[in-house]
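1. Need a 3D model of the sequence below.
(2 chains)
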Amino acid sequence: MSALSPICGWGRTSTVMADERLSENLERITREATLTRGLGRSYGDASLPHASGARIANSVLANRLISFNLETGALRAEAGLSLQSLKEIFLPRGWFTPVTPGTQFVTLGGMVASDVHGKNQHVEGDFGHHVRWIRLRLGSGEIVECSETVEPELFFATIGGMGLTGHILEVEIQMQRVESPWIWQRRERIHDVAITLRRLREAGEQWPFTVAWLDLLADGRDFGRGALMCGRWATRAEATKPLSLQVKRRAVPVDVPGIVLNRRAMRLFNAVQFKWSQRDSEGLEHPETFFYPLDKLLDWNRMYGKWGFIQHQAVIPCDDSIEPALQYFDLIRTLEVPVYLCVLKDCAHEGRGTISFPLQGYTFALDLPFRPDATQRAVDRLNEFVIENGGRIYLTKDGHTRAEHLRAMDPRLDGFNELRRRWDPEGRIRSALSVRLLGDTP
Amino acid sequence: MRAAVLGASQGMGRAVARRLAQRGDQVFVLGIEPEQLEKSAKDLEVISGQPVGWVECDLLRPETFGPALDRAEEALGGLDTVVITAAIFASQERLEEDTELLRNMLLANFTNTVLLCEEVRRRLLARGGGTLCVFSSVAGDRGRKPVVLYGATKGGLSKYLEGLDHRFRSQGLVTICVKPGFVKTGMTAGLKPPPFAGEPEDVARRVVRAIDRGKPLIYVPPPWRFVMMIIRCLPRFVMRRIKF
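-> Coordinates of the predicted model:
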């Protein structure tokens, strides 16, 4: 069973043939592999093999729970456990992860490797802040355990380390008690980017979950109109309805021709989205709708057609002034590729991982359709701004950043590479991303 | 429900066991590779909050059937449901080359599976009935080029299961034949997923619902029912020409 299969990132911009192994026995299949991937939700090339035909392991069948401490909330499980399973098993019992990204179709191992963050970054930090222990197969084949106190350097390099320190086999995280499985949500409609930026900060002082969605396709005065969503777990008294986690999902069965999802269609979509969002509303919201609105449409990446799309996520440091963020909006306005979707979040905590993404500031996640050359130019311009302003980009989303740009924005890379070499002198563990950005041999 | 699941350490069997454990049913794990069995049992324990036992039961060693079922009955305090998902799968090309593998596949998937079902039948009838849920395959619906040998064992098994259901349902023994199409598990790893490829969790949800309702035959994922309906209607000269 050494057939090669085509593998691509979520953005579907590049495809690599790989000898991908799938088994419950992750220890066995990682022995000869150069990389382990999970559900493949990283947008660019982070989960792709370093070369065509390389052997990689897929962790999704290794999803068993190992232990759960009802007193402390410590959960230990195999790396392939999906956030969806975790939610279905633990949310009805009043437990959830303290940090969740915008999709539940990610694995525990992937959440560690990306050091994912969520709408509550300003309160809880990243997923990595809640990881207690990791069991890992190194490039040498040796299996080691690490934590804050045992092999801490390896532990922190693995958090947000894009799977490049070894194969993550098992993880222990700290779970959080939730009073009810429902979310109490407040929505505000906002017409102006500056107000959105300010309101996002203000709301963060009262609400654990905050996020803003902006329409960057609208012209003139409407540019940057959008909605601010704030939420917290509902109290038991507020959660009057029983919650069903059986969610009806629809799939996009085929690649939608690229011409369908064009600038005009997206403008209409955004306008409708904006008009339909009520001026101000507050009330109970299903956690699925609040955390994972796009998960209801399976394979939504096919909407972008065969060329695929990219997401560019950057954090722009802003202490007290919102000036840099406003300048970033001005830059986005002049890009030659339209930004279909913009999601804005408030970041307050730097990640714990050696090369974790978050910094104090605003993070901008931009969805752009892929157009040869034009997309590269757009990414370059965005990255030049990020470098100038002392920001960073999120490698999990990235597929088109130039190595010299990353080097200029992140002085931590040499230290990270040094650590990797110490644990993997032969440089066995690598990915398409590490070849592109970290100088690994293809 | 008190269920023993043969194949509960892998793929669809594990997904079914998980689904049962999650809603509070008592489960007992049967299969091969003790280390994997133990890990899977532990997983079910964490999910269900109650102890879950396991013991080796190998389709290639019929002498393990009786003792394994004894242990399951003992641990669960009686047994009302048995799910069998275990089987051997290999590509047609490999089976054509490797006679030893072929013999094992024929033995495990038909002869020994039927022997095990007969053992289960006796036990369940003795206690007044129960449910026997066995995974066959869409491969058994028609003689097809890519699954000549594997399909033959599943075809025989499907016929046996149908007969069993007709013969003993009035006495309380409900037999359920599950025919999975392509499902993304370790068994099909390395094969290119066709359209309508399913996930083990989704299959498990439908299988557990079929067990609850006593449905004698289900195709999973559901579109395979129609795919196979068409395949069954195709004349031989067409079947001889197509690769499917």
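2. which parts of the strand of greatest length in chain B are buried?
-> Scanning chain B for the strand with the most residues, using DSSP state E, yields strand B:173-180. In terms of neighbour count (16 or more other CB atoms under 10 Å in any protein chain shown), strand B:173-180 has its buried residues at B:Leu173, B:Val174, B:Thr175, B:Ile176, B:Cys177, B:Val178, B:Lys179, B:Pro180. C-beta here means a position set from N, CA and C on the backbone, and glycine is covered the same way.
3. and the first helix or strand past it going along the chain, what other elements does it pack with?
-> Under the assignment DSSP states H and E, the closest C-terminal helix or strand after strand B:173-180 is helix B:200-213. Contacts defined by 3 or more CB pairs under 8 Å, 6 or more residues apart in numbering or on different chains; DSSP states H and E place helix B:200-213 against helix B:11-22, strand B:81-84, strand B:130-135, strand B:173-180, strand B:217-220.
4. Need the residues that contact the lengthiest helix in chain B.
-> Counting residues, the longest helix found in chain B (DSSP state H) is helix B:148-168. With CB atoms under 8 Å, 6 or more residues apart in numbering or on different chains as the contact definition, helix B:148-168 has outside contacts at B:87, B:89-90, B:92, B:95-96, B:102, B:105-106, B:109-110, B:113-114, B:117, B:121, B:125, B:132, B:134, B:136-137, B:139-144, B:173-177, B:179, B:216-217.
5. between the helices and strands packed on helix B:200-213, which one is nearest to A:Leu81?
-> helix B:11-22 (11.2 Å; CB to CB).
6. Can I get that closest one in PDB? Just the C-alpha atoms.
-> Extracted as PDB, the C-alpha positions of helix B:11-22 are listed here (Å, rounded to 0.1, in the frame of the first residue of the first chain):
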ATOM      1  CA  GLY B  11     -11.900   1.800  11.800                       C
ATOM      2  CA  MET B  12     -15.700   1.400  11.700                       C
ATOM      3  CA  GLY B  13     -15.800  -1.000  14.600                       C
ATOM      4  CA  ARG B  14     -14.200   1.500  16.900                       C
ATOM      5  CA  ALA B  15     -16.500   4.300  15.700                       C
ATOM      6  CA  VAL B  16     -19.500   2.100  16.500                       C
ATOM      7  CA  ALA B  17     -18.100   1.200  19.900                       C
ATOM      8  CA  ARG B  18     -17.500   4.900  20.600                       C
ATOM      9  CA  ARG B  19     -21.000   5.900  19.600                       C
ATOM     10  CA  LEU B  20     -22.500   3.200  21.900                       C
ATOM     11  CA  ALA B  21     -20.200   4.200  24.800                       C
ATOM     12  CA  GLN B  22     -21.000   7.900  24.300                       C
END
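7. orientation of it relative to helix B:200-213 in degrees?
-> Calculated by axes from the mean of the first three to the mean of the last three CA atoms, to 10 degrees, helix B:11-22 forms an angle of 60 degrees with helix B:200-213.
8. Okay, now the sheet partners of the helix or strand just after helix B:11-22, with direction.
-> Per DSSP H and E, the first helix or strand lying C-terminal to helix B:11-22 is strand B:26-31. Using DSSP bridges, the strands paired with strand B:26-31 are strand B:2-6 (parallel), strand B:54-56 (parallel).
9. for the strand or helix carrying A:Ala194, which positions count as buried?
-> Assigned by DSSP H and E, A:Ala194 belongs to helix A:193-206. Under the neighbour-count criterion of 16+ other CB under 10 Å, helix A:193-206 has A:Val193, A:Thr196, A:Leu197, A:Arg199, A:Leu200, A:Arg201, A:Ala203, A:Gly204 buried.
10. The second one contacts A:Phe223, doesn't it?
-> No: with contact defined as CB atoms under 8 Å, A:Thr196 and A:Phe223 do not form a contacting pair (11.6 Å).
11. shared neighbours of these two, anything?
-> Contact criterion CB under 8 Å, 6+ apart; residues shared by A:Thr196 and A:Phe223: none found.
12. ok so, going back, just list what the helix holding A:Ala194 packs against, helices and strands only.
-> Against helix A:193-206 (3+ CB pairs under 8 Å, 6+ apart) you get strand A:183-190, strand A:209-215, strand A:225-233, helix A:323-333, strand A:341-347.
13. contacting residues around the second one?
-> Same thing as strand A:209-215. A:118-120, A:122, A:183, A:190, A:193, A:196, A:199-200, A:203-204, A:222-232, A:270-271, A:273-274, A:290, A:341-346.
14. got the end-to-end distance for stretch A:283-298?
-> Using CA to CA, to the nearest Å, one end of stretch A:283-298 lies 27 Å from the other.
15. can you list the residues that contact it?
-> A:87, A:91, A:100, A:102-105, A:118-119, A:181-185, A:209, A:229, A:231, A:234, A:238-241, A:243, A:245, A:247-252, A:300.
16. Now do the contacts for residue 30.
-> The chain I'm using is chain A. A:Thr36, A:Ala57, A:Arg137, A:His167, A:Leu169.
17. should've been chain B
-> B:Leu30 sits next to B:4-8, B:37, B:54-57, B:68, B:72, B:86 when contact means CB under 8 Å, 6+ apart.
18. What residue, apart from its backbone neighbours, is nearest the residue nearest the centre of chain A spatially?
-> The centre of chain A sits closest to A:Val116, judged by CA atoms, centre = their mean, with a distance of 5.2 Å. Excluding the flanking residues, the one nearest A:Val116 by CB to CB, 6 or more residues apart in numbering or on different chains is A:Pro101, at 4.1 Å.
19. From chain B, how far off is the one you found?
-> Distance, A:Pro101 to chain B, by CB to the nearest CB, to the nearest Å: 20 Å.
20. count of neighbours near that residue?
-> Residues within reach of A:Pro101, counting by other CB atoms under 10 Å in any protein chain shown, total 22.
21. Tell me how many other residues surround B:Leu95.
-> 21.
22. element containing it, please.
-> Assigned by DSSP H and E, B:Leu95 falls in helix B:92-97.
23. Which elements pack onto that helix?
-> If you count contacts as 3+ CB pairs under 8 Å, 6+ apart, helix B:92-97 packs onto helix B:99-106, helix B:148-168.
24. what angle sits between the first one and helix B:148-168?
-> On the basis of the same axes, to 10 degrees, helix B:99-106 is oriented at 20 degrees to helix B:148-168.
25. Would you confirm that A:Pro152 contacts A:Glu145?
-> No: A:Pro152 lies out of contact with A:Glu145 (CB under 8 Å); the separation is 12.0 Å.
26. Who has more neighbours out of those two?
-> A:Glu145 (15 against 11).
27. Could you say which of the helices and strands packed on helix B:92-97 is packed most deeply?
-> helix B:148-168 (a mean of 18; mean count of other CB atoms under 10 Å in any protein chain shown).
28. deepest of the helices and strands packed on helix A:193-206, which one?
-> Per stretch, and counting mean count of other CB under 10 Å, the top mean among the helices and strands packed on helix A:193-206 goes to strand A:209-215, which has a mean of 24.
29. Chain B against chain A: which residues are in contact?
-> Those residues of chain B that sit near chain A, judged by CB under 8 Å from any CB of the partner chain, are B:9-11, B:14, B:22, B:36, B:39-40, B:42-43, B:46-47, B:184-186, B:189-192, B:201.
30. Mind checking which of these are buried?
-> Here the buried ones among these, as counted with 16+ other CB under 10 Å, turn out to be B:9-11, B:14, B:22, B:36, B:39-40, B:42-43, B:46-47, B:184-186, B:189-191, B:201.
31. picking up where we left off before, helix/strand/coil for the residue nearest to A:Val116?
-> coil (DSSP: H, G, I helix; E, B strand; the rest coil).
32. was I right about it contacting A:Val112?
-> No: the pair A:Pro101 and A:Val112 does not pass the contact test of CB under 8 Å, sitting 11.9 Å apart.
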